[in-house]
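# Show me how the following folds:
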Amino acid sequence: MGEQKKSRSHAAVAGLVLAAGMCSLVGWTAGVVVVAGTWVVPDWAVSGGLLVVAFAVALIRWVRMAWPFGLVAVGTSLAVALSWVGDRSATYTVLPAAPGGCHVVVRETSFLFAGDGEVFLTTPLGIGLGRGTYVTDDGYRPVTVGNYVFGWENGIGSLRLTGKPGDPILRSSVRTLEC
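Predicted structure coming up:
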């Protein structure tokens with residue numbers, strides 16, 4: 001393989017590994033989802049996909065990664081694996097779109113006697129950033145079971161969650177969602 005092709009292959013692998021690492025870091029700290037129609041792609045899936053492509057390019061081109069990129073690849077692989085384990089019980093619900101194309105996505109999880117939810121507001125391009133969280137009692141998932149009221153008015157979304165007797169909404173930072 002020529003030196004120029006080898007150099008481009010090294011750059012491609014390094015770029016993909018760094019992109020996967022950044023995606024994993026942003027997803028872990030800020031909470032990000034990608035929405036395509038009614039499909040929700042969690043941050044760990046995006047990072048994992050980038051890593052798979054990086055490893056495929058490295059194998060096809062027989063590229064050895066320099067140790068800093070190898071370390072980033074290993075760390076990102078662990079982060080992706082941990083995120084996947086944590087996301088296995090999650091349910092994602094895409095709420096109706098605003099006239100401008102924004103969506104609200106709700107991610108709900110539960111563990112033992114607690115439940116929680118994250119609310120994401122997506123841009124028309126489908127990238128969703130976290131806009132609020134809530135905590136429920138006894139692993140209750142209000143959006144999954146349909147105990148919520150949601151609507152858009154003049155580009156501003158309103159999501160009201162309702163508990164049930166014995167399973168209240170303990171804390172919520174979900175307010176209005178501006179598209």
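# where does the chain dip in pLDDT?
Along the chain, the model assigns pLDDT under 70 to residues 1-30, 51, 54-72, 86.
# quick one, domains of it?
Domains of the chain are assigned by automatic domain parsing as 3-87, 91-178.
# As a markdown table, these with mean neighbour count would be great.
Quick note: C-beta positions are derived from backbone N, CA and C, even for glycine. Formatted as a markdown table, the domains of the chain follow (neighbours: other Cβ atoms under 10 Å):
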| stretch | mean neighbour count |
| --- | --- |
| domain 3-87 | 17 |
| domain 91-178 | 17 |
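# just checking, Gly132 touches Arg171?
No - applying Cβ atoms under 8 Å as the test, Gly132 and Arg171 come out as separate, 10.7 Å apart.
# strands paired with the lengthiest strand in the chain, and their directions?
If you go by DSSP state E, the chain has its longest strand at strand 127-137. Sheet pairing for strand 127-137, assigned by DSSP bridges, gives strand 32-36 (antiparallel), strand 114-122 (antiparallel), strand 169-172 (antiparallel).
# which stretches of this structure form helices?
Along the chain, the segments classed as helices by DSSP state H run 3-30, 43-60, 67-87.
# What is the end-to-end distance of stretch 91-101?
Using Cα to Cα, to the nearest Å, the end-to-end distance of stretch 91-101 comes to 22 Å.
# same question, stretch 35-42
9 Å.
# how close does Val53 get to Leu112?
37 Å (Cβ to Cβ, to the nearest Å).
# One more: Arg141?
Separation of Arg141 from Leu112 (Cβ to Cβ) stands at 14 Å.
# one step back: need the strands paired with strand 127-137 in a markdown table (columns: distance to Val104).
Listed next are those as a markdown table, based on distance: least, Cβ to Cβ, whole Å:
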| stretch | distance to Val104 |
| --- | --- |
| strand 32-36 | 10 |
| strand 114-122 | 6 |
| strand 169-172 | 14 |
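# what's next to stretch 81-95, contact-wise?
Under the criterion Cβ atoms under 8 Å, 6 or more residues apart in numbering, residues 24, 27-28, 33, 35, 38, 40, 42-44, 47-48, 103-111, 141, 143-144, 150, 157, 159 lie in contact with stretch 81-95.
# can you do 6 Å?
Contact with stretch 81-95 is made by 38, 40, 42, 44, 103-109, 143-144, 150, as judged by Cβ atoms under 6 Å, 6 or more residues apart in numbering.
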